[in-house]
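Peer 1: A predicted structure for the sequence below; I have some questions about it.
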Amino acid sequence: MWSSTFLDELGYVPLDKVGADLLFGFISQRYERRSLVVTTNLPFARWSEVFLDPTAAAAVIDRIIHHATVLQTSGSSFRLEAAKRNQAPTADEEGETR
């Protein structure tokens, strides 16, 4: 069994009720047994959108942060900035007309 699990981009893909319940069960099984790393762009206040139930969201948050170190970052997205740098200029940006 893996000693750590990474749950990347929580909330990026919408879950239906069954998916939300399965994720809740998975997180509950990991609680106090194995390490869990979660990344998300959503603040805790919006986790009820992921779990489709404010009570379930509160229970998951409680389990995750009980023994956690929460790191909050801010600033520009590295991926977005890299994509902007790598984007080829359009004809209009080069001063050409059609």
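Peer 2: It's in. Residues are numbered from 1 along each chain as shown.
Peer 1: any idea which helix or strand of the protein has the worst average confidence?
Peer 2: helix 78-86 (a mean of 86; mean pLDDT, DSSP states H and E).
Peer 1: continuing past the top helix by length along the chain, what's the next helix or strand?
Peer 2: Of all segments of type helix in the chain, defined using DSSP state H, the longest is helix 17-30. Next along the chain after helix 17-30, taking DSSP states H and E as the criterion, comes strand 35-38.
Peer 1: what residue ranges in this structure are flagged as low confidence?
Peer 2: 1-2, 88-98 (pLDDT under 70).
Peer 1: Contacts made by stretch 6-15 with the rest, please.
Peer 2: 23, 27, 36-42, 46-47, 49-52 (CB atoms under 8 Å, 6 or more residues apart in numbering). C-betas here are computed from N, CA, C, even on glycine.
Peer 1: ok, and the most crowded of those?
Peer 2: When neighbours are counted by other CB atoms under 10 Å, Phe51 leads those with 24 neighbours.
Peer 1: so what's that one up against?
Peer 2: With CB under 8 Å, 6+ apart, Phe51 has these contacts: Leu15, Ala20, Leu23, Phe24, Ala57, Val60.
Peer 1: any idea how far it is from Lys84?
Peer 2: Distance, Phe51 to Lys84, by CB to CB, to the nearest Å: 33 Å.
Peer 1: cool, and Leu42?
Peer 2: 24 Å.
Peer 1: Please apply the same query to Thr39.
Peer 2: 22 Å.
Peer 1: hey, C-alpha coordinates of the helix or strand where Ser48 lies in CSV?
Peer 2: In this assignment (DSSP H and E), Ser48 forms part of helix 47-51. Below are the C-alpha coordinates for helix 47-51, written out as CSV (Å, rounded to 0.1, in the frame of the first residue of the first chain):
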residue,chain,number,x,y,z
TRP,A,47,-15.7,22.8,-1.0
SER,A,48,-19.4,22.2,-0.6
GLU,A,49,-19.5,22.6,-4.4
VAL,A,50,-17.2,19.6,-4.7
PHE,A,51,-19.0,17.4,-2.2
